Every structure is written in structure tokens, then in C-alpha cells.
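K.L.:
Show me the folded form of this:
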Amino acid sequence: MHHRGFLLLALLTLLALTSAVAKKKDKVKKGGPGTECAEWAWGPCTPSSKDCGVGFREGTCGAQTQRTRCRVPCNWKKEFGADCKYKFESWGACDGGTGTKARQGTLKKARYNAQCQETIRVTKPCTPKTKAKAKAKKGKGK
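P.N.:
Next up is the predicted model:
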């Protein structure tokens, strides 16, 4: 009786192992042609409508192409793209002649093999000092 129980247990274990191996092989096959390629070249994220929001990014590897969903933040800087991430220093003083202030950024990360500049300079208009005065007046009225 012990011998028969042992054989039944061994048979069940063998079936379970072969089933697990078969499932693992199916998963590898389902990966498709994209899993075989090692050097994918990805393009920029192109929004589906307007210039920001949800969109798609196309990748190529040999004769294969794939599309993945992506998102372009609506506050991105068009000059250097959404795939170039920079570490910025503090804003400089306001230039009275141009009415702008500037700061410099150093490349921190280039996503999807994007072509990014190592350093960039961005400017924005100086904020008028009337906001500070308006806040001060509100405080005095209380």
C-alpha cells in the first residue's frame, strides 16, 4: 500500500512540473518579436491632440516597430523636449533692460535615448513687485 501511494505522489509531482514548464514556454512565445531585439531606438512622445497630454512613442529595432503610450506634461519646455530632464540652479536677478530673469540647467537624464544638450539656459519674464504690495495691503486691513 505504501508503494502505491508513493508512486501516485511521484506521478502527480511529475505532472505538476511538466505543466509549469509548459506554461513558462508559452509565456516566452507570447512575448512576440519585440522580445528578441536588444537595441530599440525610441522616438519622441507625440501627443494625440494639441501639444501636451496622452500620446504615443514609436520604437524601431531592425524591421520591427512598436508603439507605446506616453504622456507629455502640459508644462514642458518645447525648446528641449519632455524626454530631457535637467537640474536647474536658482533664478538669477531681473535684467532691467530685457525685463527677464534666467537660469541654467545641467542634463540629469535623457529618456528613450533622446538627443539632449548638456546645458541649457531658460528665461522668463520678471514678476512685477505689485503682488508683494497687494499682499501687504490685505494684511493691514484686518
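K.L.:
Would you state the predicted confidence (pLDDT) at Thr106?
P.N.:
As predicted, Thr106 sits at a pLDDT of 94.
K.L.:
brain fart, Arg4
P.N.:
Arg4 is assigned 68 on the pLDDT scale.
K.L.:
Repeat that for Lys124.
P.N.:
The model's pLDDT for Lys124 equals 91.
K.L.:
Summarise which helices and strands the host helix or strand of it is packed against.
P.N.:
For Lys124, the host element (DSSP states H and E) is strand 119-125. Applying 3 or more CB pairs under 8 Å, 6 or more residues apart in numbering; DSSP states H and E, one finds that strand 119-125 contacts strand 100-110. All C-beta spots, glycine's among them, are computed from the backbone N, C-alpha and C.
K.L.:
Parallel or antiparallel, which strands does the strand holding Lys124 pair with?
P.N.:
Strand pairing for strand 119-125, using DSSP bridges, gives strand 100-110 (antiparallel).
K.L.:
Find the nearest non-adjacent residue to Ser48, please.
P.N.:
Distance criterion CB to CB, 6 or more residues apart in numbering; nearest residue to Ser48, sequence neighbours excluded, is Gly55 at 4.9 Å.
K.L.:
can you pull out the helices in this protein?
P.N.:
Assigned by DSSP state H, the chain shows helices spanning 2-30, 130-141.
K.L.:
circling back to that earlier point, hmm, the residue nearest to Ser48 is touching Thr68, no?
P.N.:
No. Look at Gly55 against Thr68 with CB atoms under 8 Å: they stay out of range, at 10.1 Å.
K.L.:
More neighbours: these two, which one.
P.N.:
Set Gly55 next to Thr68 and count neighbours by other CB atoms under 10 Å: Gly55 wins out with 19 against 11.
K.L.:
so where's this structure shaky on pLDDT?
P.N.:
Scanning the chain for pLDDT under 70 picks out 1-35, 75-80, 129-142.
K.L.:
rerun at 80
P.N.:
1-38, 50-51, 72-82, 113, 128-142 (pLDDT under 80).
K.L.:
now the residue nearest to Ser48: how far from Val72?
P.N.:
6 Å (CB to CB, to the nearest Å).
K.L.:
any shared contact partners between these two?
P.N.:
Counting by CB atoms under 8 Å, 6 or more residues apart in numbering, the contacts common to Gly55 and Val72 are 45, 47.
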